[in-house]
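Take a look and give me a structure for this.
(chains A and B)
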Amino acid sequence: MASTAAVVHEPALEHAHADDRPFIRKYIFSTDHKIIGIQFLLMSLFFLLIGGMLAMVIRWQLGFPGRAMPGGGVLPETMAPGGIVLPEFYNSLVTMHGTFMVFFAIMPLLVGVFGNYLIPLKIGAPDMAFPRINMASFWIAVPAGLIMLAGFFVEGGHAAAGWTGYAPLSANPELTGVSLGQQLWCVSLIILGLSSIMGSFNYITTIINMRAPGMIWFRLPLSIWALFITAILVLLAMPILSGALIMLLFDQTLGTHFFLPAQGGQPLLWQHLFWFFGHPEVYILILPAMGMVSDIIANGSRKPIFGYTSMVLAIIAIGALGWGVWGHHMFMSGMNPTLGTGFMISTLLISVPSAIKTFNWMGTMWGGNIRFHVPMLHAVAFVSMFVIGGLSGVFMATTPVDIYIHDTYFIVAHLHYVLFGGSLFAIFAAVTFWYPKMFGRLMNPLWGKVHFWLTFIFFNAVFFPMHGLGAQGHMRRIYDPTEYEFLAPLQGVNRMITISAFLLFTAQIIFLVNFIAGWFKGAKAGPNPWQDNGLEWATPSPPPHGNFPVTPHVYRGPYEFSSPLAVDDDYLPQSRKLETDREPAVLPAGD
Amino acid sequence: MAHAHALTHDDVMRPPAGREPGSGVYNEKLGMWVFLGSEVMFFTSLIGAYIILRFGHPEKWAPPGEVLNVPVTAVNTFLLICSSVTMVKAFASAQDGNQRALRSWLLATVLIGASFVGVQVYEYAELVHKGFVPSEGLYGSTFFTMTGFHGFHVTVGVLCMMFVTWRAFQGKYTATDHRGVEVIGLYWHFVDLVWIILFTIVYLI
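Predicted structure coming up:
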């Protein structure tokens, strides 16, 4: 029995030897999931910065319309002559801020970075199931990003039809005056979609087939559960967007008529396809955040996560319900009211699993020995900001209310409370939490706390007043609020928001410096600086090529904090064998 | 010792040792099945758009056979179905360890697949010559997009199949390990299945 099939797959041990690959295979065209994760991290932080800079220009125009932007003189005449933003460029700004943030910052940060970095480490695998496809998925994402950037420099400017690319505005170049920019936008997103699909089937296969002995499904960390469900959403939602983008691209280039009404095409079809992708996308952008925050809150509270099974079921429920709610983006598009009611009810249903998760996070913290380390601060901020964003989501989902607040700053406030207050705070939590594992060094905790508090305060100063703006009728995506008489009393709020936004952006420099300084000068982290239970903390920081010197065996779930069984510590790693533990049934070769 | 007997196909094509039992199939096969789920959604977006547009304006579609050359495409459909049969024969030969048969059947699949693409190119050329182009109303838009992307998938399949065939000629596939043959086979049957749906809804209805 022992002599059977070992030839087919090498065991992890052979990988864990000293790594003598040349530099280019080790750090550039690497097949190591950890390097690919860090590559995605650097790429998406770059695009996060770009997206943030676009937001600053937007805010300047809204706070001080018609005034020359400080430093705006560097922009070419076609964008901002004399530092004054042109209306056409403003349309590109809102479009590209959304596009970069959703597709090139938040999505790769959550799925590309932590999917790659955490999945093999946390399930006890030496690498992904398909390391070369993994490498390809990163090196396909890079040209997609470059093509998207190139759009700013082509004739006619960049795409200007909003990040949702509504047809016929996006399909007919005569309507926006943008042709090449919009085509590059389509091409870039089609390529990025391919990259995401390659990543997602890799993640799914890895999680199903490559768990270490004893890592049964209900011992998986919630971050892995969330990434697993997210990968399924990416796998099934991205191709819908790809198909829609291909049709849109053909409308622009080959003269087809999918979304152009003159020949019988249907603009509403674009909206349906886009949001059939777009709503699962919303959960792609929040589920991994929820999962990683669960890990961090249990660690910071030194308590087992409250209601593990219900957390898993809530993730699955959100992932499943997310497919049946896309119509709530289209209440104002001329929908049969009965259908609208259906979409309203299905949308409101999602607040049930979301509330289960929120109460479980609070239940986890309740009575815990809370350690407010930097990741924990960001994680708690995630929960509280997500509650605000979730509650304003209930407003948006309720059709009669939505008809009133549709297309106002209320929606801008809502989506930033879930995407910035939610996803981005979770990303800060996750980056600071796993940074020592990635780089072997700690970020400075004091500056980390300064960054957290400044971000938290100015984030709320920027986005909370937007609820009020929206309720008073301030439209979104407008170029100049002073053009409207009824918005004149609100201009002071707009200016306050703009100044807060600049401070919010400036505060991020602290994070950037801390990130870079920690890489070279941070204190050595040791294998387990947070005293956590996950398998990734049972291997050196940073882990060697192949991750584990010996394939770990798993004896319990990942949240055994303050366990009475752990005599000396208040935590009990998943791979620590107690006398009472039985060896997991290992699947022997060929059996 | 229940497993002391000689190696069988089932023994080898399994997840690596020292793992928690996963899906029970090896990574490449599981990965291909999952990837095909994504492909289903891709064709769903194109076919779904076609159905919605056609129900919206049925008068924009010519009756079957008026514009499209149905007999030629019917023969082409038959060719593609035949290539699925040769694919099955190739896989069976791989399981038997019959190298000569494996190579012949793979080669046959490559040739038939390539001729399918060839006939489609001929069909396109003829249609364009007649003035039926992608910008020709909703009919042209949906026809060229759907059949074009299917043709693209067949082309990719033929290229991958050529790679598998090249490896087969090097003797890389044994009776105990022939994962490449099985995985490309899954993709090939999927592309064939999509064509049967497309042929029905585009050419016959």
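
any idea where the helices of chain B begin and end?
Using DSSP state H, the helices of chain B run over residues B:9-12, B:27-56, B:70-96, B:99-129, B:137-169, B:179-198.

Now the third one: buried residues?
Put plainly, it is helix B:70-96. B:73, B:76-77, B:79-80, B:83-84, B:86-87, B:89-91, B:93-95 (16 or more other CB atoms under 10 Å in any protein chain shown). Glycine gets a C-beta too; all of them are placed from N, C-alpha and C.

swap in the fifth one?
By 16+ other CB under 10 Å, the buried positions in helix B:137-169 come out as B:137-151, B:153-155, B:157-158, B:160-162, B:164-165, B:168.

do the second one as well
When burial is assessed from 16+ other CB under 10 Å, helix B:27-56 yields the following buried residues: B:27-39, B:41-43, B:45-50, B:53-54.

What's the local residue count around B:Leu204?
12 (other CB atoms under 10 Å in any protein chain shown).

how far away is it from B:Phe149?
Distance from B:Leu204 to B:Phe149, counting by CB to CB, to the nearest Å: 19 Å.

can you check A:Trp361 too?
Separation of A:Trp361 from B:Phe149 (CB to CB): 44 Å.

can you check A:Ser179 too?
23 Å.

Next: A:Val154.
27 Å.

And for A:Val513?
A:Val513 is 47 Å from B:Phe149, by CB to CB.

what do you get for B:Phe43?
For B:Phe43, the distance to B:Phe149 - CB to CB - is 8 Å.

near chain A too, which of the buried residues of helix B:137-169?
When CB under 8 Å from any CB of the partner chain is applied, the members of the buried residues of helix B:137-169 adjacent to chain A are B:Gly137, B:Leu138, B:Gly140, B:Ser141, B:Thr142, B:Phe144, B:Thr145, B:Phe149.

Identify the residues contacting the nearest residue to the third one once chain neighbours are set aside.
Read that as B:Gly140. Setting aside the residues directly before and after it, B:Gly140 is nearest to B:Pro134 in space (CB to CB, 6 or more residues apart in numbering or on different chains), at 5.2 Å. Shown in contact with B:Pro134 (CB atoms under 8 Å, 6 or more residues apart in numbering or on different chains): A:Phe250, A:Leu254, A:Gly255, A:Thr256, B:Gly140, B:Ser141, B:Phe144, B:Thr145.

Hmm, A:Ala129 is touching A:Ser200, no?
No - between A:Ala129 and A:Ser200 there is no contact under CB atoms under 8 Å: 12.0 Å.

coming back round to it: what pLDDT does the model give the residue nearest to B:Gly140?
Looking at B:Pro134, its pLDDT is 93.

do B:Arg19 as well
On pLDDT, B:Arg19 comes in at 78.

Tell me where chain A is predicted with low confidence.
For chain A, the stretches with pLDDT under 70 are A:1-19, A:587-591.

give me that answer again for 80
A:1-21, A:585-591 (pLDDT under 80).

cool, chain B as well?
In chain B, residues with pLDDT under 80: B:1-19, B:21.

rerun that using 50 as the cut-off
Counting by pLDDT under 50, chain B has low-confidence residues at B:1-12, B:14-15.

ok, for residue 48, nearest residue in space, not its chain neighbours?
Went with chain A since none was named. A:Ala105 (4.0 Å).

that answer is for a different chain, and I need it for chain B
A:Leu273 (7.8 Å).

what's the burial count for the one you found?
26.

If I follow the layout properly, it ends up in contact with A:Gly243?
Yes - if you go by CB under 8 Å, A:Leu273 and A:Gly243 touch, sitting 7.0 Å apart.

Between those two, which contacts overlap?
With CB under 8 Å, 6+ apart as the test, A:Leu273 and A:Gly243 both reach B:Ser45, B:Ala49.

Might you report the residue contacts of the residue nearest to B:Gly48?
Taking CB under 8 Å, 6+ apart, one finds A:Ile240, A:Leu241, A:Gly243, A:Ala244, A:Met247, B:Ser45, B:Gly48, B:Ala49 in contact with A:Leu273.

again with A:Gly421
With CB under 8 Å, 6+ apart, A:Gly421 has these contacts: A:Ala381, A:Phe382, A:Met385, A:Phe386, A:Ile388, A:Gly389, A:Phe459, A:Phe463.

so where does A:Gln182 fall, helix or strand?
helix A:180-209 (DSSP states H and E).

in the helix or strand hosting A:Gly492, what's buried?
Remark: A:Gly492 resides in helix A:491-521, with elements defined by DSSP H and E. Buried residues in helix A:491-521, defined by neighbour count with 16+ other CB under 10 Å: A:493-494, A:497-502, A:504-505, A:507-508, A:510-511, A:514-515, A:518.

swap in stretch A:85-103?
For stretch A:85-103, the neighbour count (16+ other CB under 10 Å) marks A:85-86, A:88-103 as buried.

From those, which land in strands?
Of the positions in those, not one sits in strands, assigned by DSSP state E.

So which of these sit within helices?
Using DSSP H, those in helices are A:Glu88, A:Phe89, A:Tyr90, A:Asn91, A:Ser92, A:Leu93, A:Val94, A:Thr95, A:Met96, A:His97, A:Gly98, A:Thr99.

any idea which of those is closest to chain B?
A:Thr99 (19.8 Å; CB to the nearest CB).

so that closest one makes contact with A:Trp163?
Yes - between A:Thr99 and A:Trp163 there is a contact at 4.7 Å, judged by CB under 8 Å.

Mind listing the shared neighbours of those two?
Counting by CB under 8 Å, 6+ apart, A:Thr99 and A:Trp163 have no contacts in common.

My reading is that A:Glu77 is in a strand; is that accurate?
No - according to DSSP: H, G, I helix; E, B strand; the rest coil, A:Glu77 belongs to no strand; its state is coil.

Now the residue in the stretch 301-450 of chain A that chain B sits nearest to. Its backbone dihedrals?
Going by CB to the nearest CB, chain B is nearest to A:Trp323 of the stretch 301-450 of chain A, at 11.0 Å. Note on A:Trp323: its backbone torsions stand at phi -80, psi -20 [degrees, to the nearest 10].

Fine by me, we can end here.
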